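Q: No sequence on hand, only this structure:
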């Protein structure tokens, strides 16, 4: 073994020797790093993709998710309300007698009385009152109807005549406002 | 001979029923209206009955006017015009047209749909009921679709063999488009295009244009 080889062995041994105070030095360095403020990437775009941008307790996160769901449900209900009950509201069933039972549904927020008028009841506002459903805004009535074409409307609080928003309209407003049309007994009633 | 006897017997049995039906309608008019209005109205109703036209829509119109507190002159005028509309509808749809078809046809005619369009519809569906096509047509006109576009849309759909449920779906789609803010003309064109694309036996190309009426460029 020449002098160079011996020198190499000494260096290798020296590297493998434990350094006094190394453990304490590492712990100090970690504490310092944790205490230092981290320099984040700048800009809103960076914030949105930063995984550490938001930190919150799990309970708060769950509350936020619940709030989002509630707001979504409320918005959906409000949107449906603005559509004014345009969903198909007529329910039609054939009765054993051969006539047809038709359930009329009308949404009238704030109304105290709603009735159905049409050629089937002589357009008498007192003949066919609708019953208020449990939700408060929905009014319904079921009546048997003969086959054929029927014109009808709803009367709110004895004053305002309104057509059915879900039904076809009559082509002519003879007495001021158009009526709705209902066909019973054709291939497909509407 | 037996058939003749049966027909005569049936006529005898049915005649009192019809008479009582008319009397019932007249009684309803007299019960709800002042005599000075009920009397001329009953004349209109009797005249319509003599022509074989349905009278129930006339009575209903008079009662509607009374319930809406319309003036006597307005009620009488509306009933007279409707009786004329029923007669015109029968001219266009033929003597075999049912009461509901005449009722729907009269409404369409009074909204400005020409008699030719009703006759074309009858030719497009000679044996089936025209009540739904006429109701759909009336609804289009009521929602602002120009009469020519509305007539062409319903006629094209009927000629393509679209059944009543398909016509009703087309009506709903066009209604939704109009509610979303589309112009009624464009909405009816797109509604017709969608229907024709889904109707068997029609090509997509056919759905992209409106049909031409006879004599139209």
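A: Cool, the structure landed. Being a predicted model, the structure only gives us computed values, none of them experimental. Residues are numbered from 1 along each chain as shown, chains lettered A, B, ... in the order given.
Q: how about residue A:122, what does it touch?
A: B:28, B:32, B:60, B:63, B:67 (C-beta atoms under 8 Å, 6 or more residues apart in numbering or on different chains). Bear in mind the C-beta positions are built from the backbone N, C-alpha and C, glycine included.
Q: and what of residue A:179?
A: Residue A:179 neighbours (C-beta under 8 Å, 6+ apart): A:118, A:151, A:152, A:153, A:163, A:169, A:170, B:64.
Q: now residue A:170: how far from residue A:164?
A: Residue A:170 sits 11 Å away from residue A:164, going by C-beta to C-beta, to the nearest Å.
Q: Now the element after the lowest-mean-pLDDT helix or strand in chain A, going C-ward?
A: Every helix and strand in chain A was compared by mean pLDDT, DSSP states H and E; the lowest is strand A:91-94, with a mean of 56. Next helix or strand after strand A:91-94 toward the C-terminus (DSSP states H and E): strand A:100-107.
Q: Following element in sequence after that next one, please.
A: With secondary structure assigned by DSSP H and E, strand A:100-107 is succeeded by strand A:114-118.
Q: which other helices and strands contact that following strand?
A: Helices and strands touching strand A:114-118, by 3 or more C-beta pairs under 8 Å, 6 or more residues apart in numbering or on different chains; DSSP states H and E, are strand A:138-145, strand A:148-156.
Q: I'd like to check what contacts the longest one. Which residues are they?
A: Spelled out, that is strand A:148-156. For strand A:148-156, the external contacting residues (C-beta under 8 Å, 6+ apart) are A:104, A:106, A:108, A:111, A:113-120, A:125, A:130, A:139, A:161-164, A:170, A:177, A:179-185, B:60, B:64, B:99-100, B:103-104, B:131, B:135.
Q: Just the buried residues of the residues you listed.
A: With burial judged by 16 or more other C-beta atoms under 10 Å in any protein chain shown, the buried subset of these is A:104, A:106, A:108, A:111, A:114-120, A:125, A:130, A:139, A:161-164, A:170, A:179-185, B:60, B:64, B:99-100, B:103-104, B:131, B:135.
Q: Mind telling me what element residue 30 is part of?
A: Assuming you mean chain A. helix A:22-35.
Q: meant chain B, my bad for not saying
A: Using DSSP H and E, residue B:30 maps to helix B:2-32.
Q: Quick one: name whatever helix or strand follows that helix.
A: Remark: after helix B:2-32, the chain's next helix or strand is helix B:35-50, criterion DSSP H and E.
Q: What is the neighbour count of residue 107?
A: Because you didn't say which chain, this covers chain A. 22 (other C-beta atoms under 10 Å in any protein chain shown).
Q: Not quite, go with chain B.
A: 29.
Q: residue contacts, it?
A: A:170, A:171, A:172, B:85, B:134, B:138.
Q: run the last query once more with 7 Å
A: Contact analysis of residue B:107 by C-beta atoms under 7 Å, 6 or more residues apart in numbering or on different chains lists A:170, A:171, A:172, B:138.
Q: could I get those as a markdown table with secondary structure, pLDDT and distance to residue B:44?
A: Below are those laid out as a markdown table (DSSP: H, G, I helix; E, B strand; the rest coil; pLDDT from 0 to 100; distance: C-beta to C-beta, whole Å):
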| residue | secondary structure | pLDDT | distance to residue B:44 |
| --- | --- | --- | --- |
| A:170 | coil | 92 | 20 |
| A:171 | coil | 87 | 21 |
| A:172 | coil | 87 | 18 |
| B:138 | helix | 93 | 23 |
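Q: Go through stretch B:81-88 and flag the buried ones.
A: With burial defined by 16+ other C-beta under 10 Å, the residues of stretch B:81-88 counted as buried are B:82, B:83, B:84, B:85, B:86, B:87, B:88.
Q: State the distance from the fifth one to chain A.
A: Spelled out, that is residue B:86. Note on residue B:86: its distance to chain A, by C-beta to the nearest C-beta, to the nearest Å, is 12 Å.
Q: I'd like the secondary structure assignment at that residue, please.
A: Three-state assignment for residue B:86 (DSSP: H, G, I helix; E, B strand; the rest coil): helix.
Q: now do the second one
A: Here residue B:83 is helix, with the state taken from three-state DSSP.
Q: Please report the distance of the residue lying closest to it once chain neighbours are set aside from residue A:34.
A: Nearest non-adjacent residue to residue B:83, counting by C-beta to C-beta, 6 or more residues apart in numbering or on different chains: residue B:48, 4.9 Å away. According to C-beta to C-beta, residue B:48 stands 96 Å off from residue A:34.
Q: how does the chain divide up, domain by domain?
A: By default, I'm working from chain A. Per automatic domain parsing, the structural domains of chain A span A:22-82, A:91-184.
Q: um, chain B though
A: Chain B is divided into the following domains under automatic domain parsing: B:33-110, B:112-217.
Q: Please verify my assumption that residue B:80 contacts residue B:44.
A: Yes: between residue B:80 and residue B:44 there is a contact at 5.7 Å, judged by C-beta atoms under 7 Å.
Q: Name the helix or strand for the residue nearest to the spatial centre of chain B, please.
A: Centroid check for chain B by C-alpha atoms, centre = their mean gives residue B:104 as the closest residue, at 1.5 Å. Residue B:104 is part of helix B:99-110, with elements assigned from DSSP H and E.
Q: deepest of the helices and strands packed on strand A:114-118, which one?
A: Most buried of the helices and strands packed on strand A:114-118, by mean neighbour count (mean count of other C-beta atoms under 10 Å in any protein chain shown): strand A:148-156, with a mean of 23.
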